[in-house]
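[1] sequence and computational prediction follow.
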Amino acid sequence: MSIRIGKISYWHVHAWDYTKQAQEHDDTDIVAVWDEDPVRGKKAAEKLQVPFYDHLDDMLAQKDIDAVIVDAPTNRHREVMVAAAKAGKHIFTEKVVAPTLAETNEIVSETEKQGVKLTVSLPRLNDGYTLAVQDVLNQGLLGKVTYVKVRLAHGGALAGWLPDHFYSLEQCGGGALIDLGCHPMYLTRLFLGEEITGVSANFGYITGKEVEDNAVATLQTASGAIGVVEAGFANSHSPFTIEIHGTEGTLLFGTPEEKLLLKTNLAKDETPAWTEIPVFDSRESAFHQWVGHIQNDTTADDNIAMAVELTKLMEAANRSVAEGKVIKLEELQA
């Protein structure tokens, strides 16, 4: 039986990517559209040949709609997802879940209360290089991890291909860090393998936008290991890079080729040398995992935990810039 999906907004740049995933999946169909911008929404609905709803509540009231995909402005996530959960609709959403930890916890709590399946798009958790990195870390080949840096940047603010609303502080809750920087943020947290105690961040405004187009966040841990998250909208040829150092070795990816390189004191050879590690096959996408949770009545516990942590770290980074100090995570209002 096909899962019938209502599309909540085409605000996000990846909205049509998720629409395509739903169209290509054998068990899902897009059957309705609502958008806070009626002109954009009606255009999308016409293209998809499905009804457009002027009011979100009217779409959510349809008993033959099982689920929703959320690509609304970040500042409206709490509003639309709480409403969807109360209407009994399963939810797949673009990151971040919400701008603040308090809002995110409200959304997660409502989905749990209503028994609907929530999954957040954190795509790089499923990529082959991430799985290969985790395998190396699980083998202990780096010893104790002491430093992790992940960078992701592009030239969208230079080339002008990002939509203007991606520079709205009100709608987005930030710029390069909360958008593109989500990926290096959750990967850095994953690779550190321990709780973050504090966050310090710095933003730059190269192109003079309302939001930052150049950003770095430093993550503190109790053990002394450090995480560094870098993101930008003003770089022409910045490769996606992962750098992990430990007491016994170093792991590199994307410097600049998409190769995973390991050098460790724990290798079988007496003299350590750089060795290329095979990248794993990627596992199924977050969207496919969401469909599986709906069909099998399971929950995306790890995905949701990481998504909540991501919001917490983003809120701390934004507060660090605003207040000019390190933000201890225990200070955040849950």
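    The structure has been received and is ready for your questions.

[2] for the chain, what spans make up the helices?
    15-24, 38-48, 56-60, 77-86, 101-114, 128-138, 156-159, 169-172, 182-192, 286-296, 301-323 (DSSP state H).

[3] which residues sit against the fifth one?
    Around helix 101-114, the neighbours that count as contacts under CB atoms under 8 Å, 6 or more residues apart in numbering are 77-78, 81-82, 85-86, 88, 91, 96-98, 117-118, 304, 307-308, 311-312, 315, 332-334. All C-beta spots, glycine's among them, are computed from the backbone N, C-alpha and C.

[4] tell me the average confidence for that helix?
    For helix 101-114, the mean pLDDT works out to 98.

[5] of the contacts of helix 101-114, grab the buried ones for ChimeraX.
    Selection of buried members from the contacts of helix 101-114 for ChimeraX, criterion 16 or more other CB atoms under 10 Å:
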select :77,78,81,82,85,91,96,97,98,117,118,304,307,308,311,312,315,332
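
[6] follow-up on the earlier one: so which of the helices of the chain gets nearest residue 211?
    For the helices of the chain, the distance to residue 211 is smallest for helix 169-172, at 5.2 Å, taking CB to CB.

[7] what residues of that closest one count as buried?
    Going by neighbour count (16+ other CB under 10 Å), the buried part of helix 169-172 is 171-172.

[8] same check, this time on stretch 48-59
    48, 50, 52-53, 56, 59.

[9] how near is residue 172 to residue 265?
    Residue 172 is 44 Å from residue 265, where distance means CB to CB, to the nearest Å.

[10] please apply the same query to residue 251.
    Distance of residue 251 to residue 265, given as CB to CB: 13 Å.

[11] which one of the two is surrounded by more residues?
    residue 251 (24 against 12; other CB atoms under 10 Å).

[12] contacting residues around the closest residue to the more buried one other than its chain neighbours?
    Closest residue to residue 251 in three dimensions, ignoring its sequence neighbours and counting by CB to CB, 6 or more residues apart in numbering: residue 244, at 4.4 Å. Counting by CB under 8 Å, 6+ apart, residue 244 makes contact with 133, 137, 142, 145, 147-149, 191, 250-252.

[13] run through the bridge partners of residue 244.
    According to DSSP bridges, the residues that bridge with residue 244 are residue 148, residue 251.

[14] who's sitting farthest from the centroid in the protein?
    For the chain, the residue at maximal distance from the C-alpha centroid (CA atoms, centre = their mean) is residue 270, at 40.7 Å.

[15] can you give me the pLDDT of that residue?
    So, for residue 270, pLDDT stands at 71.

[16] burial of the closest residue to residue 255 other than its chain neighbours, as a residue count?
    Counting by CB to CB, 6+ apart, residue 255 lies nearest to residue 241, which is 5.8 Å off, once chain neighbours are set aside. Using other CB under 10 Å, residue 241 has 18 other residues around it.

[17] which residues touch residue 241?
    149-151, 252-256.

[18] and if we set it to 6 Å?
    151, 254-255 (CB atoms under 6 Å, 6 or more residues apart in numbering).

[19] got a winner among the residues you listed for most neighbours?
    Highest neighbour count within the contacts of residue 241, by other CB under 10 Å: residue 151, with 22 neighbours.

[20] so it sits against residue 231, correct?
    No: the criterion here is CB atoms under 6 Å, and residue 151 misses it with residue 231 at 7.4 Å.

[21] pLDDT wise, what is residue 334 at?
    At residue 334, the model reports a pLDDT of 69.

[22] pull the number of nearby residues for the nearest residue to residue 252 once chain neighbours are set aside.
    Closest residue to residue 252 apart from its sequence neighbours, by CB to CB, 6+ apart: residue 261 at 4.6 Å. Residue 261: 15 surrounding residues under other CB under 10 Å.
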